[in-house]
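# Predicted model and sequence follow; I will ask about them next.
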Amino acid sequence: MKSIFIPILSLLALSLVTTACSEQPDIKNLEGYWEIERADLPEGNTMEYSISTTIDHFTLESDSTGYKTKVMPQLDGSFITSGDSESFSIVEKDGKLKLIFTTPLSSHTETVLQLKEEQLILLNEREMKYTYKRFKKLELE
């Protein structure tokens with residue numbers, strides 16, 4: 001009896017760990033303003049962004065669609081936008097969330113590597129990894 005109990009217990013623990021590790025991030029965390037921190041290039045180079053003049057604004061229209069707009073934050077807390085946006089759909093493929101962006105001229109896919117309340121990491125089709133932090137408005141006193 002003891003010899004059967006240990007393998008069953010081990011299998012149960014392994015299945016709990018596998019389930020916990022494969023949980024999808026909460027897509028609602030994507031909504032909002034994101035500022036790029038760095039871009040990791042496939043050759044191994046990293047581009048650090050200490051300050052950005054444009055940020056990405058993600059808007060969710062449903063659990064599976066939305067759009068991304070580039071905006072420029074202003075000192076008064078408002079944003080200026082060109083009005084151009086990229087629509088995207090959200091799909092799960094191979095256990096990963098993918099954002100499929102479409103414009104009248106092109107389409108591309110970005111894989112969500114990490115999505116937390118304060119951090120977003122995306123990997124594009126050219127193997128460039130983008131790390132974003134949640135944008136915080138500049139507080140002037």
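Yes, it's here. Numbers count the residues shown, from 1 in each chain.
# Now do the same contact list for the residue lying closest to residue 123 once chain neighbours are set aside.
On the basis of CB to CB, 6 or more residues apart in numbering, the spatially nearest residue to residue 123 that is not a chain neighbour turns out to be residue 111, at 4.6 Å. Bear in mind the C-beta positions are built from the backbone N, C-alpha and C, glycine included. Counting by CB atoms under 8 Å, 6 or more residues apart in numbering, residue 111 touches 96, 97, 98, 99, 122, 123, 124.
# List buried residues within those residues.
97, 98, 99, 122, 123 (16 or more other CB atoms under 10 Å).
# From those, which land in strands?
97, 98, 99, 122, 123 (DSSP state E).
# Can you tell me which of those residues comes closest to residue 136?
For residue 136, the nearest member of these is residue 122. The distance, counting by CB to CB, is 19.7 Å.
# got the phi/psi numbers for the residue nearest to residue 123?
The phi/psi pair for residue 111 (degrees, to the nearest 10) reads phi -90, psi 130.
# One more: residue 28?
phi -60, psi -20.
# ok, now which ones touch the most centrally placed residue in the chain?
For the chain, residue 120 is the residue whose C-alpha lies nearest the centre (CA atoms, centre = their mean; 4.0 Å). When the contact criterion is CB under 8 Å, 6+ apart, the partners of residue 120 are 29, 30, 34, 112, 114, 131, 132, 133.
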